[in-house]
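Asker: sequence and predicted structure, then a few things I'm wondering about:
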Amino acid sequence: MMPGHSPTDAVIQRDADIGIREGDTVILDMNGEKQAFLTVRRAGKVKVGKQLCSLEPIIGQPYGSVYQVSADTSELVRTKRPRTIEWSSLEEVDKDNSELLDVGAETQQLSTGDIAALRAAGKTGEEIVAALAKGSATFQGKTQFSQAKYKKKKHKKYTVLATIQRPTARSVCEAYFGKSSPKINHLRADSLAMLLSLANIGSHGRVLVLETCSGLVTAAVAERLGGFGHVCATYVADKCPPLEATRMLNFPESIRSSMSTASLATLLQYRHESAAEEATQAAQAQGSGSEGAAVEESVQQTLQAADALLDSQQVAGMNGSTMRGLLDARSEQPQEAVLAGLADSTQAPADPPGAQEILTEKQREMKRMREEREAVAAATQKLLKSICKTGFDCCIVAAPSNHPSSVMAKLMPLLAPSASFAIFSNWQQPLAECHLALQQSKQAVNLTLAESWWREYQVLPARTHPTMSTSGTGGYILSGTQIPSQL
């Protein structure tokens, strides 16, 4: 790998060499206005404009390819990107639109039937737009800017350009924000970038994430780590919230293996167990005096509190193809083994000899897969215990439905000294209260409460200005650095 290149850059370069593969998730961008998530299948179809087209032509093509619907075969045909306006081609503006009157159909010579006939004859969108401009009685009287705007509007109506985008943290966030922003708690792309920066996310980091953004934050952290480090998605409810965004970035196995989930109660139990183990070792080193007995009693109380906390919540496992699940440390027998014992005790009718051999082969395959899952889960559990013993290096909270003060009170014991954290919320007041609570408890320094601001600009010859429509705010972010309570 070349110096200065991250592991994620190597993955992107590899995908660029291979191209779009069957089974990949891609983002279909139509005219830059509408995005849709697609899983590429040879037999799959997608609606582009008013035509239903097959996805087979895009397999093997590079990301960023532009397609349009063929007029005669209704298939996706790769085309070139439209040329932008040359800066040197701008002429002096010597007229205006003050004398133009919009009188509807009277200014256009082509009727709806004429346009339908052009489409039936197999004319392309470019040719239809040129015919509309020629048939317009007011087109020549418009300014150069108005003519460009007229053509752009007609192009969007009669020419649908579909771009196949690579699913990255930014592109997925923008697609969600434009399509269904409540699923990601209205988290904008610039706010997501600020979260990663303020939380100091980087390779070889051990990151704790608590989110309700459909897995977008977890996927962005895993993408930034590039397979070097570990990210644990925790939760305070009885079960893990959906993390569907982690499946959309086409992660290789090296990155998928760096992600795991565990309930907050489980992580706190691991932390208490490590603290109790250290206290026990200290008590043994001091001897069996009165101080040792007091420490031993404190250890027992800590273990009892941890057990009660674990019983109140579940330990949720994840799908092995995307995440690494966890086993219950107190369970003496895996759940699959119990189910297998129940299945063996059930009397079933005798099967034909050939069917028995097939069934035996399936049982071997299921047993092998079960053993692999258990081995991976045990390794993940061991890794999380090791991380909880020393603490997580970084923490991101993106769950606006939970008050940040109560959440951070539970997360602080899991963080290592000098760990960076960032908290996202759509409202300023909860973060201000959390800011005050952290200041008074002296658990954090360098506390900063900021609002993300992002404004898009139209950059065109002689008409560069901010876009007229934009989102009001990207939310608020509270960041800081954790310090030990003893200091």
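Answerer: Done, it's in. All figures in this text were calculated on a predicted structure; none of them were measured in a lab.
Asker: show me what the longest strand seen in the chain is packed against.
Answerer: Counting residues, the longest strand found in the chain (DSSP state E) is strand 415-425. Judged by 3 or more CB pairs under 8 Å, 6 or more residues apart in numbering; DSSP states H and E, strand 415-425 is in contact with helix 189-198, strand 392-398, helix 404-411, helix 428-441, strand 476-482. (C-beta placed from N, C-alpha, C; glycine too.)
Asker: neighbouring strands - and their directions - for that strand?
Answerer: strand 392-398 (parallel), strand 476-482 (antiparallel) (DSSP bridges).
Asker: list the contacts for the nearest residue to Lys45 once chain neighbours are set aside?
Answerer: By the measure of CB to CB, 6 or more residues apart in numbering, the closest residue to Lys45 outside its immediate chain neighbours is Leu52, 5.2 Å from it. Applying CB atoms under 8 Å, 6 or more residues apart in numbering to Leu52 gives the contacts 45-46, 74.
Asker: and if you look at Gln165?
Answerer: Contacts here follow CB under 8 Å, 6+ apart; on that basis Gln165 touches 26-29, 35, 63-64, 171.
Asker: need these in a markdown table with neighbour count, secondary structure and pLDDT, can you?
Answerer: Listed next are the contacts of Gln165 as a markdown table, based on neighbours: other CB atoms under 10 Å; DSSP: H, G, I helix; E, B strand; the rest coil; pLDDT from 0 to 100:
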| residue | neighbour count | secondary structure | pLDDT |
| --- | --- | --- | --- |
| Val26 | 23 | strand | 94 |
| Ile27 | 20 | strand | 93 |
| Leu28 | 20 | strand | 92 |
| Asp29 | 19 | strand | 91 |
| Gln35 | 19 | strand | 89 |
| Tyr63 | 19 | coil | 93 |
| Gly64 | 11 | coil | 90 |
| Ser171 | 18 | helix | 94 |
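Asker: surely Ala199 meets Ile396?
Answerer: Yes - contact criterion CB atoms under 8 Å: Ala199 and Ile396 qualify, at 4.9 Å.
Asker: got any residues that touch both of those two?
Answerer: 207, 421-422.
Asker: okay, Ser257: pLDDT?
Answerer: Looking at Ser257, its pLDDT is 91.
Asker: same check, this time on Cys434
Answerer: In this model, Cys434 is scored at 96, pLDDT.
Asker: with Ser89 instead?
Answerer: Per-residue pLDDT puts Ser89 at 55.
Asker: and Leu327, by the same measure?
Answerer: 31.
Asker: what of Gly320?
Answerer: So, for Gly320, pLDDT stands at 35.
Asker: who are the neighbours in contact with Pro167?
Answerer: Counting by CB under 8 Å, 6+ apart, Pro167 has contacts 25-27, 37, 248-250.
Asker: in the chain, which spans are helices?
Answerer: Along the chain, the segments classed as helices by DSSP state H run 7-18, 112-120, 125-135, 144-158, 169-180, 189-198, 216-225, 253-256, 264-286, 290-311, 335-345, 353-390, 404-411, 428-441.
Asker: which residues sit against the last one?
Answerer: Around helix 428-441, the neighbours that count as contacts under CB under 8 Å, 6+ apart are 400, 403-405, 408-409, 423, 425, 444, 447, 449, 451, 476-478, 480, 485.
Asker: switch the cut-off to 10 Å
Answerer: For helix 428-441, contacts defined as CB atoms under 10 Å, 6 or more residues apart in numbering pick out 397, 400, 402-409, 412, 421, 423-425, 443-445, 447-451, 473, 475-480, 482, 485.
Asker: follow-up on the earlier one: and of the helices of the chain, who's closest to Lys239?
Answerer: Lys239 lies closest, by CB to CB, to one member of these: helix 264-286, at 12.3 Å.
Asker: what packs against the closest one?
Answerer: Judged by 3 or more CB pairs under 10 Å, 6 or more residues apart in numbering; DSSP states H and E, the packing partners of helix 264-286 are strand 205-211, strand 229-235, strand 259-263, helix 290-311, helix 353-390, helix 404-411.
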